[in-house]
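Colleague: coordinates only, no sequence provided:
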């Protein structure tokens, strides 16, 4: 993938993350949501996901389940993504 595209994509992810974290009053929530979004964005890069869609979120959820994460961890990560989407 082109370096300029990666840089633009990383910048877009950073803007989305900042917008989400700015809405959270608790430092603990900001930390947890920040980690959740970082994990999602890393997964998007590794899975070559080009668009944010219900299908991509469902695929991410399947990957979390495949990693044997607890239901509460999966729900917290999906909560961060929901906040990012709207």
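Modeller: Received, thanks. Worth saying up front: this structure is predicted, and the values here are computed from it rather than measured. Residues are numbered from 1 along each chain as shown.

Colleague: what about the closest residue to residue 16 other than its chain neighbours, which SS state?
Modeller: Spatially, and ignoring its direct neighbours in sequence, residue 16 is nearest to residue 84 (5.3 Å; C-beta to C-beta, 6 or more residues apart in numbering). Heads up, the C-betas are built off the backbone N, CA and C, glycines and all. What DSSP: H, G, I helix; E, B strand; the rest coil gives for residue 84 is helix.

Colleague: tell me if I'm right that residue 84 and residue 20 touch.
Modeller: Yes. Judged on C-beta atoms under 8 Å, residue 84 makes contact with residue 20 at a distance of 5.0 Å.

Colleague: shared neighbours, these two?
Modeller: Common neighbours of residue 84 and residue 20, using C-beta atoms under 8 Å, 6 or more residues apart in numbering, are residue 37.

Colleague: neighbouring contacts of the strand or helix carrying residue 79?
Modeller: Residue 79 is part of helix 71-85, with elements assigned from DSSP states H and E. Outside of helix 71-85, the residues within contact range by C-beta under 8 Å, 6+ apart are 16-17, 19-20, 23, 32-33, 36-37, 39-40, 52, 57, 60-61, 64-65, 69.

Colleague: for the protein, give me the ranges with low pLDDT.
Modeller: Within the chain, the ranges that satisfy pLDDT under 70 run 1-6.

Colleague: and the gap between residue 69 and residue 57?
Modeller: Residue 69 is 15 Å from residue 57, where distance means C-beta to C-beta, to the nearest Å.
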